[in-house]
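Chemist: model this:
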Amino acid sequence: QVQLVESGGGLVQAGESLRLSCAASGRTFSSYSMGWFRQAPGKEREFVAAISRNGIITNVADSVKGRFTISRDNARNTVYLQMNSLKSEDTAVYYCAGDEGPLWGVLRGPAYWGQGTQVTVSS
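Modeler: Down below sits the predicted model:
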């Protein structure tokens with residue numbers, strides 16, 4: 001089991017950048033594929049990005065491709081989401097998620113979720 005805590009959200013202007021972090025508890029972080037999801041007001045939660053256990057394989061939603069980058073540091077039990085060129089439509093609560101095993105587990109539906117961090121982009 002793993003517990004996830006997000007940080008780094010906030011209020012920014014359109015065009016600016018933010019980096020979200022997700023700290024995971026436990027000693028087996030490298031056994032988990034990780035991902036980021038988001039939920040905007042009045043909308044369903046949607047996939048943003050995912051990364052494999054060793055960090056080699058990533059999958060990024062078309063809506064953020066070229067602007068967002070997911071990475072991880074297994075020595076620090078942390079996964080990151082670097083968000084550049086932010087737009088007002090990126091405003092949402094961002095959730096870190098994880099699933100033990102290969103990447104497809106995160107894409108199918110991760111077992112573990114953080115509490116979320118708010119990102120607000122003003123235009």
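Chemist: who touches N77 in this structure?
Modeler: Residues in contact with N77 (CB atoms under 8 Å, 6 or more residues apart in numbering) are 23-26, 29. Where C-beta positions appear, they are placed from N, C-alpha and C, glycine not excepted.
Chemist: Using PyMOL, define a selection of the buried residues within the residues you listed.
Modeler: Selecting the buried subset of those in PyMOL, with 16 or more other CB atoms under 10 Å as the burial test, is done by:
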select buried, resi 23+24+29
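Chemist: Greatest separation within the contacts of N77: which pair is it?
Modeler: A23 and G26 (10.7 Å; CB to CB).
Chemist: thinking again about what came up before, so among the contacts of N77, where is pLDDT lowest?
Modeler: Across the contacts of N77, no position has a lower pLDDT than G26, which has 78.
Chemist: nearest spatial neighbour of that one, skipping sequence neighbours?
Modeler: V2 (4.9 Å; CB to CB, 6 or more residues apart in numbering).
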